[in-house]
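Undergrad: Have a look; sequence and predicted model below, questions after that.
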Amino acid sequence: MSSSPPFVSGQPRPRPGFAPSANPNAAVATHNPQIGRSPPPYGAPRAASPSPFSASSLPGPPPPFASRPPPQGAAALSQGLISSNGPPVAGLASQRFPPPPPVQQTAPVAAPASIRAPPPSAAPSQAPGVQSFPGSPPAVAPASLPLMGSPASQSFSRPPPTHTPFAGPPASQPPFAGPRTSQPPSAGQPTSQPPFPGPPTFQRPFAGPPSSQPSFGGPPTSQPPFAGPPTSQPPFAGPPNSQPPFAGPPYTGPPTSQPFGASPTVQPFTGAPYAGRPSSPSYLGPQSSQPFSGPRTAATPFGAPAWSSQPRQVAPSMPGAVQAPPTMFGMPPSTPGQSMPAIPPALGHSSLAGPQASTPSKVDPNQIPRPMPSSSVILFETRQGNQANAPPPATSNFIVKDNGNCSPRLMRCTMNQIPCTGDLLSTSSMPLALMVQPLALPHPSEEPIQIVDFGDSGPIRCSRCKGFTNDTPRDYYCNLGPDGRRRDADERPELCRGTVEFVATREYMVRDPMPAVFFFLIDVSMNAVQTGATAAACSAISQSLADLPDGPRTMVGIATFDCTIHFYNLRRPSQQPLMLIVPDVHDVYTPLQTDIIVQLTECRQGLEQLLENIPSMFDNNKVAESAFGAAIKAGFLALKPTGGKLLVFQSVLPSVGIGSLSSREAEGRTNVSAGDKEAHKFLQPADKTLKTMAIEFAEYQASCLVCVDIFITSQTFVDIASISVVPTTTGGQVYYYYPFSALSDPGKLYNDLRWNINRPQGFEAVMRVRCSQGLQVQEYSGNFCKRIPTDIDLPAEAFLMQIDSNKTIMVTFKHDDKFQENSECSFQCALLYTTVYGQRRIRVMNLSLPCTTMLSSLFRSADLDTQFACFLKQAASMIPVSPLSQVHEQITNLCINILHAYRKFCATVSSAGQLILPEALKLLPLYTLALAKSIGLRNDGRLDDRSYWISHVASISISLAIPVVYPRMISIHDLTTKEDDGSPLALYIPLSSEHINDDGIYLLENGEDGLIYVGNMVNPDTLQQIFGVSSVDGLPSQLVLEQFDNELSKKLNDVVNEIRQQRCSYLRLRLCNKGDPSGMHFLSYMVEDKSPGGLSYVEFLVHVHRQIQTKMS
């Protein structure tokens, strides 16, 4: 039903008001909850929780991960030599709105004062380490860019805001766990990177494939192709002189249909942050309706988000700039201080590393494509000059200014130009999909998302497609200016911003918004008590109570279980809670439902005392069975009237009651070892009981819904394949601690729980993606319950019990019609959800991309990070239903088909012995090989490890998709000798054993775990400084990282803390010694090496090249 009001007479509707940043989901999240803070000793008095990741405790801007340096051009694989044929390209150029005349230009939306550009008269030269991006304002010095700090207007303010948000912890409070000194890390961001000098003026844009090469939608026949580098640029010296690197007639300019156009005008940030049009207070969003609030004085909210997990290359050139052709592999490196060649905006990925000259006889491992580190900060405007700008890589560190397209952190496409036809998309072999992370944490320096309240009439919607703000009822009319635009377009966030949040009216509610209810289920079976898992869970819950939302709407409940279920009556303020036992685990019921879940303010003291007593109450428990299925069923019955979150702490295999399971690990291992074709079935749920129960949790319509999160603290097999269907279906998450250690894991358990309840999140969420006519939604993928709409003309929707800042939904599309060339295809994602404070909100994200008929444009605009995240999720969905060999073959063929399409239709004329890699997808073979060697696709892994990997990547964000298969490795024994003007994380090492020395110590992290590898010939002084022991034999089996009074130990702790800030994860540390199983586990991550079941990186490139040659012939 359309919500647009009918045509009425009378006074026109007043303009809606909007609040600048009351939305905590939209607001800037400056500080992580203390992801690195260890819980104090259990039972000790707890001081007020300081704000984590504050400006006073941060070591500086988060260094990115896996960067991509400027393109160095094509290299050939003749007899094994690699060539990159990626042409330089200017920015996207397709109009969306008529451009205003120069005299009518609207003042640009101002950035926060911390990133304001100086006046032209005083404009300084660009600061080192801050790189401009196409369509971006000039960069400023790092001193004026406090990346981890936040303007006061960007806080997650809890209603009512009565104090200054994000004040930061005292300087003496370290942000992370482990014994630390009182000295906070350095807050500066020095860098040794020279300032970006701007694009060269001698590089030519690519004009499409040569006329003799068959292509789809290429330039007109009268348009000659790219003629190669100018004579002033020395060609690649590796191949014989008779083999030119490029071929074709002289270049005469791009065709008129080329969607990459002239450079938009660069506008600096000026003035104050956009505050909206003055309006009557009655139209302003209420202060008390902020969904995610700022910190109380005793608790800390969200922290420094992990948006920069991978470093970025040097900033690309401005759109339309004439650029020099990329240098070829084997050319000498640039001299110090020499400006690097600019990177085309659509090709924001790494070039090949290493300056060594190659020979035609073999592949030099130092010249093959690898991620390259960088610590540059990119200033990115989503649209400029009525053109969409191609976003920087998802794994880079960038600041977004919303000028009509949403932030790429919220919604990102696998290609930044849309094929006009389905045939063109099929020819490219690339997927067309969106990765949507609706509540993704913004950068601290970004402006907050505006909240718009239309009052009782609700937001304006189209009467046909139900899209938001794409219809104009009579009372919404406005006069047009001389430029043909509405005079109030820049004053209304819903008309000028790519992302906006509307206050939902009663028509968007089937019942009153659900309260914030948290119900804790704790395993107290014999194994859980003896391993310390029960005590760790009770301690984590007790300390996390301070982080629950304030107010009377916050309610809590608790129960324990072994072979029976024990509820606790919390409505006894002056007495100890009363235990209520439910012995029937086959027909579960809930006693005294009204006394089991109560307001936190009424029961906090009694609940804390109960949590302190539970470990001793069950200290002598001899019951080994676990009624896991019955316990979560009982928890659901308790939450049935209100809905909420069910947080379960499980340690052993469910063995009695509803959903009981039997161990199948030995049988599964035997079948895998024997090469059984049906071995993948052990990665499927053992039966449908838990799945049926999860669907009941998700589709119960009489009241509210239940989201289940499971914390598995196990030392044995627990059948995650069967258990994980519950959180996957209800929008929850699985946390896995194997093997659980009572010494080193309680800190991570506490920080994970704290972030789970404290991050930006919403309940009762429904997400729907709409797109322009010509495309249609094919499928949603992620952790949610799929529901089919009754109206067949509308796309399917994703129904999420709970949505949070970490979850990503993949949406795939297919063509049902053709687009006109040079038109734009628009995507709109609408998320309806309830905040933790009971407000119903609609977050609307818009993305408009140009359409093209040129296959070469698709490859130039391909987004490597998003495409690989798509491959990763597709592989995870195939593993439980297909033999492992078939999954390996499919993901390898995906890579080969894409590279073959590029070689066949887009590459310049070259010999058959050359492997041509598109610039934008140069690292695709490396990441494909890493995926094939990941734990989920290895047949030597434990069933639970592989099942957890499948569950983990199902909703993983784009920024973490690459690290989970291609981790980051750095040397830590030489931290004190590395340069002080850059982060050590920017100096990471290729994942090959030839880079590991016996006298070195190395840290490898994938966003979840941190492995510290110690060689057998390490200097005893280094061991003493880092671990407090003088020999390798004295290293502990379980690592708790301490900070000693020396420079090396302090730098190592700073590096670990910085990683934890970037990843929004505590980073569980484990010690690996050479020669024992832990050392072999570390070496299994060296994906570039040859392994018993896989090729080396060089061998894989040769294999891909041969497959492409076979297809070409």
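TA: Yep, that arrived.
Undergrad: what's the helix ranked longest in the chain in contact with?
TA: Across the chain, the longest stretch assigned as helix under DSSP state H is helix 884-905. Outside helix 884-905, the residues that touch it by Cβ atoms under 8 Å, 6 or more residues apart in numbering are 85, 209, 213-216, 427-430, 679-680, 855-856, 859, 871, 874-875, 878-879, 882, 915-918, 921, 924-925, 928, 931-932, 937, 939, 1104, 1107-1108, 1111-1112. Bear in mind the C-beta positions are built from the backbone N, C-alpha and C, glycine included.
Undergrad: mind redoing it with 6 Å?
TA: Under the contact criterion Cβ atoms under 6 Å, 6 or more residues apart in numbering, helix 884-905 has outside partners 215, 428-430, 855, 859, 871, 875, 878-879, 916, 918, 924-925, 928, 931-932, 939, 1104, 1107-1108, 1111.
Undergrad: And the nearest residue to residue 1031 once chain neighbours are set aside, its phi and psi?
TA: With Cβ to Cβ, 6 or more residues apart in numbering as the criterion, residue 1031 has its nearest non-adjacent residue at 6.3 Å, and that residue is residue 1020. For residue 1020, the backbone dihedrals (degrees, to the nearest 10) come out as phi -60, psi -30.
Undergrad: what's the answer for residue 594, then?
TA: Torsion angles, degrees, to the nearest 10, at residue 594: phi -70, psi -20.
Undergrad: Number of residues surrounding the closest residue to it other than its chain neighbours?
TA: Nearest residue to residue 594, sequence neighbours excluded (Cβ to Cβ, 6+ apart): residue 571, at 7.7 Å. By other Cβ atoms under 10 Å, 17 other residues sit near residue 571.
Undergrad: How about residue 874?
TA: Neighbour tally, residue 874, other Cβ under 10 Å: 18.
Undergrad: Three-state assignment for it, please.
TA: helix (DSSP: H, G, I helix; E, B strand; the rest coil).
Undergrad: now do residue 1016
TA: coil.
Undergrad: same question, residue 739
TA: Residue 739 ends up coil, using three-state DSSP.
Undergrad: so it touches residue 715, yeah?
TA: Yes. Counting by Cβ atoms under 6 Å, residue 739 does reach residue 715; the two are 4.6 Å apart.
Undergrad: Neighbour count for the two, which is higher?
TA: residue 715 (17 against 11).
Undergrad: For that one, give me its contacts.
TA: 531, 739-740.
Undergrad: repeat that for 10 Å
TA: 527-528, 530-531, 533, 651-652, 737-741 (Cβ atoms under 10 Å, 6 or more residues apart in numbering).
Undergrad: That one and residue 491: what is the separation?
TA: 61 Å (Cβ to Cβ, to the nearest Å).
Undergrad: Kindly report the same for residue 897.
TA: Taking Cβ to Cβ, one finds residue 897 at 49 Å from residue 491.
Undergrad: Count the residues that sit near residue 628.
TA: 33.
Undergrad: My error: substitute residue 679 in the last question.
TA: Neighbour tally, residue 679, other Cβ under 10 Å: 20.
Undergrad: Go ahead and confirm it touches residue 883.
TA: Yes. Between residue 679 and residue 883 a contact is recorded at 7.5 Å, counting by Cβ atoms under 10 Å.
Undergrad: helix/strand/coil for residue 605?
TA: helix.
Undergrad: got any ranges where the protein has weak pLDDT?
TA: Segments of the chain classed as low confidence (criterion: pLDDT under 70) are 1-362, 573-574, 673-677, 700-704, 787-798, 800, 910, 979-982.
Undergrad: go again using 50 as the cut-off
TA: Within the chain, the segments meeting pLDDT under 50 span 1-37, 40-361, 702, 789-795.
Undergrad: Return every residue with contacts to both of residue 739 and residue 715.
TA: residue 531.
Undergrad: now the helices for the stretch 951-1100 of the chain?
TA: 958-961, 1020-1027, 1047-1063, 1077-1083, 1097-1112 (DSSP state H, counting those that start in this stretch).
Undergrad: Deepest in the core, which of the ones you listed is it.
TA: helix 958-961 (a mean of 28; mean count of other Cβ atoms under 10 Å).
Undergrad: Give the other helices and strands that that helix contacts.
TA: helix 864-878, helix 943-954, helix 1047-1063 (3 or more Cβ pairs under 10 Å, 6 or more residues apart in numbering; DSSP states H and E).
Undergrad: Only the buried residues of the shortest one, if you could.
TA: So the one you mean is helix 943-954. 943-944, 946-954 (16 or more other Cβ atoms under 10 Å).
Undergrad: hey, where'd the strands end up in the stretch 901-1050 of the chain?
TA: Ranges of strands within the stretch 901-1050 of the chain are 915-917, 968-971, 1001-1005, 1009-1014, based on DSSP state E, counting those that start in this stretch.
Undergrad: So which of those strands is nearest residue 590?
TA: Among those, strand 1009-1014 comes nearest to residue 590, with 38.0 Å by Cβ to Cβ.
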